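> My questions are about this predicted structure, shown below with the sequence.
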Amino acid sequence: MTVVLYPGSFDPIHNGHVEIVETAARLFDRVIVAAVRNPQKGDPLFSLEDRQDLIQLAFAHLDNVEVTLFSSLVVDLARQVGAHFIVKGLRAVSDFESELQMAQMNRSISGVDTLFIPTTSSHSFLASKLIREIARFGGNVDSMVPPCVAQRLGERYPSA
């Protein structure tokens, strides 16, 4: 059984993330989506527990997807959950540059390889940071996020 780990902040999870997880779920036996509090990304919109709930709702239709939270090195979590690979999504060349460096570092310190899954062009522009900004100013992000996230964003930022 091949297990992969898909780590990220997922604040909030969007359709680009969904695409990566659905692809990984078709390719591998078990996908573990792991949300982390990333202090480099500033104050989160949603708590880790809220993100865990939203991720679980977004993937309720996939039997081989699990959700967890972590606050350690990704490679330590990969070892802990028995992941054979770390999965990362790529939207653009700029993602590849930063993700390649992280993949090489992770391989160096742990031996765990990273697999890259590119998004389709219809999701290549999605970024949680941009979705948060659009929602904050009353823009419609319904087509960019799972319905559960759209609802939660609407509750967080009710239209005036």
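It's in.

> Just give the number of residues close to Ser94.
9 (other C-beta atoms under 10 Å). (Each C-beta comes from the backbone N, C-alpha and C, glycine too.)

> Low-confidence regions, the protein specifically.
39, 41, 159-160 (pLDDT under 70).

> all strands for it, in order.
3-8, 30-36, 65-70, 85-90, 113-118 (DSSP state E).

> got the ones you listed as TSV, with distance to Asp53 and mean neighbour count columns?
Putting the strands of the chain into TSV (distance: least, C-beta to C-beta, whole Å; neighbours: other C-beta atoms under 10 Å) gives the following:
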stretch	distance to Asp53	mean neighbour count
strand 3-8	16	23
strand 30-36	10	24
strand 65-70	9	18
strand 85-90	21	21
strand 113-118	24	16
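
> Would you mind giving the ones you listed as a markdown table with distance to Arg79 added?
Shown next, in a markdown table, are the strands of the chain (distance: least, C-beta to C-beta, whole Å):
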| stretch | distance to Arg79 |
| --- | --- |
| strand 3-8 | 10 |
| strand 30-36 | 12 |
| strand 65-70 | 12 |
| strand 85-90 | 11 |
| strand 113-118 | 13 |
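
> With Glu49 as the reference, name the closest of those strands.
Closest to Glu49 of the strands of the chain is strand 65-70 (C-beta to C-beta; 7.7 Å).

> angle of the closest one against strand 3-8?
50 degrees (axes from the mean of the first three to the mean of the last three C-alpha atoms, to 10 degrees).

> Fine by me, we can end here.
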